[in-house]
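[1] Predicted coordinates and the sequence they were generated for:
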Amino acid sequence: MGRVTVRRNVERVSPNGRRRRVDALAAEEPLELRVNGKALAVTMRTPGKDVELAHGFLLSEGVIGSSEDISVARFCEGTGPDGMNTYNVLDIALAEGVPPPDTGVERNFYTTSSCGVCGKAALDAVKLKTRYSPAADEVRITPEALTGFPDALRERQKVFESTGGLHAAGLFVDGELLVVREDVGRHNAVDKVLGWAVLQHLVPLRGAVLMVSGRASFELVQKAAMAGIPVLAAVSAPSSLAVELAEEQGMTLVGFLRGDSMNVYTGGERVLETA
């Protein structure tokens, strides 16, 4: 799996004693994102699908609305101790006429793998206005379909299978799992999914369900809203701000989606009665 995983020697301790073994770890490296040559953010991510990550990040920040808003994405030079390119600096050139990011999008220092909004340069920049409101989306989905999504997502988490250390996000349309992305950061996994959709010319994502492997934070609700996604489902709990924002955006927010049950926090009209 290349730089997606790193192998390290560990000492396994159990009631049966101690033994040394080789363990696979999820890789985590910094990615500096530049727009038109100017540094915009540094995020800690699992290497791979970085162009998707950049497209999804810029979509969720309101900088772009489609792939046509970007003219080229290229990695800049940067070498590690072995003299090889690290591919940890990515420069995005916006298409002619596309305004550069507002100063509020800039991150102070870096974005950690656990938080994508905590580095915003201005608190006013936390809440963004989507150009693809999901409020009028008339998609309907059965509980039976929703309860099958976590297992479908889990079956496609190949790196998690070997490391146990990654978040995942998946995009479902009409019950079909279109794409899965994994990353040490839940927000990065979502950005990679959204970036894939941008590059496939699928945005706005009408009728889509975004499934995430962990909790549903304010930031993930906002990212879904920026892509026009009407339903966000999570296997764990949402935060209070996530519920407030989902209600404000007219989204359906589902939490604790496990086994054959779930909590529907907002937009319950989209979840049909059990057959």
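    Structure's in. What do you need?
[2] host element of residue 181?
    strand 176-183 (DSSP states H and E).
[3] average pLDDT across stretch 150-165?
    For stretch 150-165, the mean pLDDT works out to 84.
[4] Correct me if wrong: residue 141 contacts residue 273.
    No - between residue 141 and residue 273 there is no contact under C-beta atoms under 8 Å: 11.6 Å. From N, CA and C alone the C-beta is placed, and that goes for glycine too.
[5] Now do the nearest residue to residue 223 once chain neighbours are set aside: how many residues are near it, please.
    Excluding the flanking residues, the one nearest residue 223 by C-beta to C-beta, 6 or more residues apart in numbering is residue 60, at 4.2 Å. Using other C-beta atoms under 10 Å, residue 60 is surrounded by 25 other residues.
[6] count of neighbours near residue 133?
    With other C-beta under 10 Å as criterion, residue 133 counts 15.
[7] Also residue 99?
    Counted with other C-beta under 10 Å, residue 99 comes out at 8.
[8] Would you quantify the distance from it to residue 227?
    20 Å (C-beta to C-beta, to the nearest Å).
[9] And this structure, what are its domain boundaries?
    29-126, 143-270 (the TED database).
[10] Let me know which of those is the nearest to residue 16.
    With C-beta to C-beta, the closest approach to residue 16 among these belongs to domain 143-270: 20.5 Å.
[11] who's more crowded, residue 141 and residue 273?
    Using other C-beta under 10 Å as the criterion, residue 141 and residue 273 rank with residue 141 on top: 21 against 6.
[12] do you know how far that one is from residue 156?
    In terms of C-beta to C-beta, residue 141 sits 20 Å off from residue 156.
[13] swap in residue 64?
    Residue 64 is 27 Å from residue 156, by C-beta to C-beta.
[14] Those two: which has the busier surroundings?
    Here residue 64 and residue 156 are compared on neighbour count by other C-beta under 10 Å; more neighbours surround residue 64, at 24 against 15.
[15] Could you look up the SS state of residue 209?
    Residue 209 falls in the strand class when you classify it by DSSP: H, G, I helix; E, B strand; the rest coil.
[16] Could you pull up the residues touching it?
    141, 146, 149, 171-173, 229-233 (C-beta atoms under 8 Å, 6 or more residues apart in numbering).
[17] likewise residue 12?
    Contacts of residue 12 (C-beta under 8 Å, 6+ apart): 18-21.
[18] so it bridges to which residues?
    residue 19 (DSSP bridges).
[19] what's the pLDDT at it?
    The score at residue 12 is 93. That number is its pLDDT.
[20] where does the stretch 151-275 of the chain dip in pLDDT?
    Flagging of the stretch 151-275 of the chain using pLDDT under 70 yields the residue ranges 160, 275.
[21] One more: the stretch 1-150 of the chain?
    Checking the stretch 1-150 of the chain against pLDDT under 70 turns up 1-2, 78-84, 103-127.
[22] Now do the helices in the stretch 1-150 of the chain.
    In the stretch 1-150 of the chain, the segments counted as helices under DSSP state H, counting those that start in this stretch are 50-60, 143-147, 149-155.
[23] packing partners for the first one?
    For helix 50-60, the helices and strands in contact under the criterion 3 or more C-beta pairs under 8 Å, 6 or more residues apart in numbering; DSSP states H and E are strand 29-35, strand 38-45, strand 70-75, strand 89-94, helix 186-199, helix 218-226.
[24] ranking these by burial, who's on top?
    helix 186-199 (a mean of 27; mean count of other C-beta atoms under 10 Å).
[25] what angle do that one and strand 29-35 make?
    Helix 186-199 and strand 29-35 are oriented at 50 degrees to each other (axes from the mean of the first three to the mean of the last three C-alpha atoms, to 10 degrees).
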